[in-house]
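Enquirer: Quick one, what's the 3D model for this:
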Amino acid sequence: MKARWHLPRPLIESLVTIFIGLTAGALLMGAFGYSPLRAYQALFIGAFGTPADVLETIAFATPLMLTALTFSVGIRAGLFNIGAEGQMYLGAIGTTFVAGMVSLPPGIHIAAATASGMLFGAAWAMIPALLKVWRGVHEVISTIMANWIAFHLSTYLAINFLGDPTRADRTVPALPTARYPVLTEDATLTAVIFVAIAFCAAIYLYLWGTRAGYELRLGGENPDAARYAGVNANRVILLSFVIGGLAAGLAGASQIIGRPPAWSLYATLGNVATLGFDGIGVALVGRNHPLGGILAAFLFGALAHGGRLMEYQAGVLSELVRALNGIIVVTLAVPEVWAMLRRRRIR
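Expert: Have a look, this model is predicted:
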């Protein structure tokens, strides 16, 4: 009897939703008088037309795979940690201080600036975590509030304490010893991509290869079974927030010491703003899996980088480009959202 080969169900669902999303986008463009074929051709060429474009797409994807990890780990623990945005702001602030204000030897400086960003992100994540553990405050409310506090606090620190004396629009740039090497002059991708992928892989091994990781996942999948098995629920909450904060802080660091040409934080936080919220969509598309988030981030990077050529070459308005990206993302996220809702109903 011959063995039959079947495509994995998640892959089939992703392919179907991609087709639905592209079809819905095409209908929207057609309604406004644009050529869907020409627009999607521009999108593809903009994202993958040359090796430099591919590298630039990966550069756009780098912080997203990390902020997606923040949300994914929270979901695995049964929590809705949507605080990656604020945790990333503080990570960027911590990295800016060490990278731009402290002189250290090469190698050590990069490591210290990266670690500083991750620790600042984790420290900010501990606020909603402790509120959850000590007072039972729902993490959605506390993380939303913390995001806004982090935005205004980071803006204040960036302008009043870390500002560049020669330029009012940004903080002091990272010193050369704190900058990740640029891989090619044709793109802004740096060696920080290897750190980001290694961190995602390490969290995957932690979640599926260690007892503590199993307890974290069990606490999210079946809280009753976890309680009967002696799993400490408070420890699960704290661990998930710490890991999420480390990931978001690394995302903030990647935009300061791992993304030219500014090598600094803009006074408006413009080079990090919304990346934390975008990570939620990336996580859903990646099925809340650390490695799936890497692939989903690459797709988001393609939409972000290639979408710019849709406006210039196909004439599609920038507002419509963003709407198209949103339609595709929402369509791709539907299967995982439905699965999450179904799991919660079963509980």
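
Enquirer: Ile280 contacts Phe80, doesn't it?
Expert: No: judged on CB atoms under 8 Å, Ile280 makes no contact with Phe80 at a distance of 9.3 Å. The way it works is simple: take the backbone N, C-alpha and C, and place the C-beta from them, glycine included.

Enquirer: Find the nearest non-adjacent residue to Ala323, please.
Expert: Counting by CB to CB, 6 or more residues apart in numbering, the nearest residue to Ala323 once its immediate chain neighbours are dropped is Leu28, at 6.8 Å.

Enquirer: what number of residues lie near that neighbour?
Expert: Around Leu28 there are 15 other residues, counting by other CB atoms under 10 Å.

Enquirer: Not counting the helix or strand where it lies itself, show me its contacts.
Expert: Counting by DSSP states H and E, the element that carries Leu28 is helix 9-31. Residues outside helix 9-31 that contact it (CB atoms under 8 Å, 6 or more residues apart in numbering): 35-36, 39-40, 285, 287, 316, 320, 323-324, 327-332, 334-335.

Enquirer: Likewise for stretch 103-114?
Expert: 95, 98-99, 102, 174-175, 177-180, 195, 250, 253, 256-257.

Enquirer: taking those residues one by one, which sit in helices?
Expert: Counting by DSSP state H, the contacts of stretch 103-114 place Thr95, Val98, Ala99, Val195, Leu250, Ala253, Ile256 in helices.

Enquirer: give me the number of residues near the third one?
Expert: If I follow you right, that is Ala99. Using other CB under 10 Å, Ala99 is surrounded by 30 other residues.

Enquirer: from memory it sits against Leu175, does it?
Expert: Yes: Ala99 is in contact with Leu175 according to CB under 8 Å; the separation is 6.4 Å.

Enquirer: which ones are touching Trp263?
Expert: Trp263 makes contacts with Ala99, Pro173, Ala174, Arg179, Ile256, Ile257, as judged by CB under 8 Å, 6+ apart.

Enquirer: need the contact list for Arg76.
Expert: Under the criterion of CB under 8 Å, 6+ apart, the neighbours of Arg76 are Leu207, Leu216, Arg217, Gly220, Ser240, Asn288.

Enquirer: Surely the last one touches Glu336?
Expert: Yes: contact criterion CB under 8 Å: Asn288 and Glu336 qualify, at 6.4 Å.

Enquirer: Helices of this protein, residue ranges please.
Expert: Secondary structure of the chain (DSSP H): helices at 9-31, 36-48, 51-76, 84-101, 108-135, 139-160, 192-209, 211-221, 223-228, 233-256, 275-285, 290-313, 318-346.

Enquirer: Let me know which of these is the nearest to Thr268.
Expert: Of all those, helix 139-160 sits nearest to Thr268, with 7.6 Å by CB to CB.

Enquirer: List the buried residues in that closest one.
Expert: 139, 142-147, 150, 153-155, 157-158 (16 or more other CB atoms under 10 Å).

Enquirer: Columns pLDDT and distance to Leu55 on top of these, output as TSV?
Expert: Output for the buried residues of helix 139-160, formatted as TSV (pLDDT from 0 to 100; distance: CB to CB, whole Å):
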residue	pLDDT	distance to Leu55
Glu139	96	36
Ser142	97	38
Thr143	97	33
Ile144	96	35
Met145	97	38
Ala146	97	34
Asn147	98	31
Ala150	98	30
Leu153	98	34
Ser154	97	29
Thr155	97	31
Leu157	97	32
Ala158	96	28
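
Enquirer: For those residues, give me CSV that also has distance to Ile18.
Expert: Compiled in CSV, the buried residues of helix 139-160 are given as follows (distance: CB to CB, whole Å):
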residue, distance to Ile18
Glu139, 31
Ser142, 35
Thr143, 30
Ile144, 30
Met145, 35
Ala146, 34
Asn147, 30
Ala150, 34
Leu153, 39
Ser154, 36
Thr155, 37
Leu157, 41
Ala158, 38
